[in-house]
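Novice: Prediction below, plus the sequence it came from.
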Amino acid sequence: MLDSIREGAKKPWVKFVIFAIVISFVFAGYFTSSFFLGDPNAVAIVNGESISKNDFQRAYTNIKSQRADYYKANVKSEDDERNFQENILQQLITEKVRDLATIDMGMRLSSTALRDVIQSNPNFQDDGKYSAELLERTLAGIQMSRGAFKQAFQTQETTKQLVNGLLSSEFSLETETETDYELISQKRSGKALQINYAPFKTDVKISSDEISKYYEENKESFRVEEKVSLEYIELSVEKLLKQQKVSEEQIEEYYKDNLDTYYKDDDKRKISHILVLSNGNDSQALEKINAIKTRLDNGEDFAAIAKVESDDVPTREIGGDLGILSTEDSDDPVEKAGAALVNIGDVSEPVKSDFGYHLVKLTSFVKGAVQPLAEVKGKITEELKRAFAEEAFHAKSSDFERIAFEVSDTLKDTADVTGLTIQTSPLIGLSYREGIFANQDIKDAAFGSDVKEGLVNSSPIEVGENQLVVLRLKEHKPSKIESLDLVQSKIEIQITQKKAKTKAEGLASNLIEKLEAKQDVNELIEKNSLKWTQLDKVERNNASLSYFANQKFFQMSTPIENESTLDKVEDFQGVTILLLTQVENGNWSVADEATRKQRANYMSSYFGNAGYGSFIEGLRGDASVTRNLSNLAQ
């Protein structure tokens, strides 16, 4: 399946000084733009291959959508956003390195194999059968060309082959699997003492001087970012869709014009072939294939000759049968030849491929059924509405841009001419993450000098495919530090939490000190209304401990006989003292066959993933990577 960088600066010392200055700027992070990259639209270049802004934007949008809960909970500042973006860029760089490696290794799918993979994908099947119409609609929806789609699938499948190859080459010894089972099935005994922060908060006393001191020392943390409210007009295909009307005549005309392309099932062509390998001698292979063609012209049976003469071993025994040929465009010369045959039984002239010469025969043909207009009317209506909306978008976009520029002190004229509505945004800051105002180009314009200080309309901003926005300032609120009276309650909470935590940690340290000295701690425990939780042969997934406490408990070193191991762990609620008295390893001899097989598969997969990680790490280490962080934009 796998077919394999001044006129006066001429003196050497001057050049050396300039070079040293430039290098220092590089390591300071200045020249991370197209000055070095050569491609102004690249976010990175890997071994000479660009990762474009569009590639990054597509990945950013997808990952942000898939991890929406994580993003909302964790990305709260500009630094958080930058880290989020850089993590995505690192992922794209790794993928590019990997993809280039598969190319260097000659890993590729033949067009026939790629076609089979695509047609067998359930996402492109209707009632269990491949649907070219469904594929076309999918590609239109995601705005991807057929060529880009095939390349994406080619990359996906070769990557899968690479990963599977690396994973399948790894195995685990029985002793390794046994050791893993003994650890994973381990049971531990001891006890835990949870010291919560909450009880210590009730006695906390906070003076006004403490509050004032905390406020003065942490003023910047109470700064409210600069915010603006905007008037804006949005021109997009999606909004124009709702305004479009489609007549019955237009639907019928579209149906007739596109009948063969979209509303007729694929013709089913079954083909066979005879292959003569060239093996570096084209003339000899051509002579032999011509001789076979003469025999066929004289009436000999194609399948019989294929069984004897064809060099394609997998199909030779079945008369050269290649199965059903799709009617979709193909670059494969054998498939192109098969698609050109008209009548059942027709045989092509000799066809040249990378392997040699072929004769192709059409053995079966079933014309595709036509879908009635009633079945596809709804789809046609939506397709026409979108086409009309796109036409309206392009017709309005020139007026949209021209009037917003010519009458720059208001959006009213632009709205009147284009028939669009002036909308008002909420107060937004640079950290705003909702809707179109999450777009960095929108925020750059909103906080730029033209809009914020010049009080003029922005230039049209492209926030998506066929989506333009013009905006102007409605309200501006400068950045400021909130007054003490507004943040006092927050300060009181933070000081209380800090003092309670200090008291809880102090008590925990005192108890551990006494336990290590083998002193009685019962009185101290009772005084603080605490209680030990007994842990009797608990497993790793037990519910007796918090996640962090459980992790720590199973990381503690095994105690020597008649002794115990002490440790503590902090989490969001308090401090937990852990006392480990006994460790009992899992017993491999009593593990059933299913468990043994599961652990063996796990260990093989573990070593395989480690091998794949090492392979990718090696590729990353050897790769030439230049990043352009200034091009990272939402």
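Specialist: Happy to help now that I have it. The structure presented is a predicted model; accordingly, all values stated were derived computationally and were not measured.
Novice: Where do the domain boundaries of this structure fall?
Specialist: 12-168+619-631, 186-222+487-584, 226-245+378-478, 267-366 (automatic domain parsing).
Novice: Got the phi and psi for N196?
Specialist: N196 adopts backbone torsions of phi -80, psi 150, taken as degrees, to the nearest 10.
Novice: and the residue nearest to it when sequence neighbours are not counted, how far is that from Y130?
Specialist: Setting aside the residues directly before and after it, N196 is nearest to G574 in space (Cβ to Cβ, 6 or more residues apart in numbering), at 4.0 Å. C-beta coordinates here come from the backbone N, C-alpha and C atoms, glycine included. To Y130, G574 is 59 Å away according to Cβ to Cβ, to the nearest Å.
Novice: just V451 next, same as before
Specialist: Relative to Y130, and taking Cβ to Cβ, V451 is found at 51 Å.
Novice: Wait, V469 touches L230, no?
Specialist: No. If you go by Cβ atoms under 8 Å, V469 and L230 don't touch, sitting 9.4 Å apart.
Novice: Run a quick neighbour tally on the residue nearest to N196.
Specialist: 21 (other Cβ atoms under 10 Å).
Novice: just the one 5 residues further on next, same as before
Specialist: As a burial measure, the neighbour count of L579 was computed by other Cβ under 10 Å and equals 20.
Novice: now K129
Specialist: 11.
Novice: Give me the phi and psi angles of it.
Specialist: Dihedral angles (degrees, to the nearest 10) for K129: phi -120, psi 140.
Novice: Give the bridge partners for it, please.
Specialist: Note on K129: beta-bridge partners by DSSP bridges are D126.
Novice: Against V347, how distant is it?
Specialist: In terms of Cβ to Cβ, K129 sits 28 Å off from V347.
Novice: cool, Q119 as well?
Specialist: 25 Å.
Novice: With V75 instead?
Specialist: 63 Å.
Novice: Tell me the gap between the one helix or strand T94 maps to and the middle of its chain.
Specialist: Using DSSP states H and E, T94 sits within helix 78-104. Averaged C-alpha coordinates place helix 78-104 at 10 Å from its chain's average position (Cα atoms, centre = their mean, to the nearest Å).
Novice: One more: stretch 527-541?
Specialist: 42 Å.
Novice: Quick check: phi and psi on I481?
Specialist: Dihedral angles for I481 - degrees, to the nearest 10 - are phi -90, psi 130.
Novice: cool, K270 as well?
Specialist: When read as degrees, to the nearest 10, the backbone of K270 gives phi -110, psi 130.
Novice: wouldn't it be in contact with G323 here?
Specialist: Yes. Taking contacts as Cβ under 8 Å, K270 lies within contact range of G323: 6.6 Å.
Novice: between the two, who's got more neighbours?
Specialist: K270 (17 against 13).
Novice: host element of the nearest residue to the more buried one once chain neighbours are set aside?
Specialist: Spatial nearest neighbour of K270, chain neighbours left out: S364 (3.7 Å); criterion: Cβ to Cβ, 6+ apart. Per DSSP H and E: S364 is located in strand 356-366.
Novice: neighbouring contacts of that strand?
Specialist: Strand 356-366 has contacts (Cβ atoms under 8 Å, 6 or more residues apart in numbering) with 267-279, 282, 285-286, 288-289, 292-293, 296, 302, 311, 320-321, 333-334, 337-338, 341-348, 350-351.
Novice: roughly how far out does that strand sit from the chain middle?
Specialist: Strand 356-366 has its C-alpha centroid displaced from the chain centroid by 41 Å (Cα atoms, centre = their mean).
Novice: Okay, buried residues for it please.
Specialist: 356-363, 365 (16 or more other Cβ atoms under 10 Å).
Novice: from the chain's centre, how far out does the next helix or strand after that strand sit?
Specialist: Next along the chain after strand 356-366, taking DSSP H and E as the criterion, comes helix 373-406. Centroid displacement of helix 373-406 relative to its chain, using Cα atoms, centre = their mean, is 31 Å.
Novice: All good on my end, thank you.
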